[in-house]
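**Q** Got a predicted structure plus its sequence, pasted below:
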Amino acid sequence: MSTTATENAATTAGPRRAEPEQAALAPGAGFVPALAAVYRAQLSRAKVSRIPLLFVATFQSLGIMVLMRGVVDGGDEARAVVSGASVLVVAFVGLNLLAQYFGRLRAGGGLDHYATLPAPPASVVLGTAGAYASFTVPGVVFTAVAGSLLFQLPLAGLWILAAVIPLAGAALAGLGAALGLLAPRPELATLCGQLGMSAALLLGVLPPERLPLPVQWLRDLLPSTYGVEALAATFSPGPAWGAILVDLGVCAAVGLVSLAVATRAYRWAAAR
């Protein structure tokens, strides 16, 4: 074929069409924005569907304190009852309800929805746990104030709740999330959550001096115990702040470990 024919053929065919460029995927959301979004969404959901349960948790703690008032007069036992009943609200919501929530989420395929979002797994777990822990604030404060008035304890040290609620809440919420994500069935997640709450009730509200020694050892393994001890110490005249900081530090350490375990459990459950 001559050069002229080749040029005519190129002219007839026209210019070659450029290949369309593949659209780039949107970058994943950052950890902090994703955490804030999940936290707001879960907190809004909790306001609608969890208010009756918060009322039940608070009423339960108030009822326990009224019953214990008949057998406990004051002193260390009264401080233990009020502190245990206050932290029990955190255990009911952060441990029990969160275990049930993640158990249902895993069984119903809800994790698949979260897996499609450009949100890091840690932000989903931390945002949900933080929302549930924050939801306990009114109940814990009301229970602590009512118990202090009932047992005639000083109210000046209740500011420590600003540290007890988030730290004990992180420890218990992380444990509840891990139980819900690791349980093979939602029924087992519910059972584990209720057993954990029952342990917080029996080992946290009852004065430790009245418990057998082996049960006291089990009490030391429960993360809510250290939140109870920190709150109870502030009711004493001249509280030992060193011991209080140690108890709060244990809550913080358990919270970090439990939330890390819950995050890995979330990745594992979402990948199945």
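**A** Noted; the coordinates are in hand.

**Q** Would you map the helices across the protein?
**A** Ranges of helices in the chain, per DSSP state H, are 3-13, 31-49, 51-69, 75-90, 98-107, 110-116, 121-135, 137-150, 161-182, 186-205, 213-221, 224-234, 241-271.

**Q** and residue 165, what does it touch?
**A** With contact taken as CB atoms under 8 Å, 6 or more residues apart in numbering, residue 165 is in contact with 90, 133, 136-137, 140. Just so you know, the C-beta spots here come from the backbone N, C-alpha and C atoms, and that holds for glycine as well.

**Q** Confidence-wise, which of the residues you listed comes last?
**A** Least confident entry in those, by pLDDT: residue 133, with 82.

**Q** sorry, back to before: can I get the contacts of residue 165 in JSON lines with distance to residue 240 and neighbour count?
**A** Below are these laid out as JSON lines (distance: CB to CB, whole Å; neighbours: other CB atoms under 10 Å):
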{"residue": "90", "distance to residue 240": "23", "neighbour count": "31"}
{"residue": "133", "distance to residue 240": "26", "neighbour count": "26"}
{"residue": "136", "distance to residue 240": "26", "neighbour count": "31"}
{"residue": "137", "distance to residue 240": "26", "neighbour count": "17"}
{"residue": "140", "distance to residue 240": "22", "neighbour count": "28"}
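
**Q** Touching, residue 99 and residue 195? I think so.
**A** No. Using CB atoms under 8 Å, residue 99 makes no contact with residue 195, being 9.6 Å away.

**Q** For these two, indicate the residue with more neighbours.
**A** residue 99 (32 against 14; other CB atoms under 10 Å).

**Q** Excluding sequence neighbours, find me the nearest residue to that one.
**A** residue 193 (3.1 Å; CB to CB, 6 or more residues apart in numbering).

**Q** ditto for residue 74
**A** What sits nearest to residue 74 in space, not counting adjacent residues and going by CB to CB, 6+ apart, is residue 151, at 6.2 Å.
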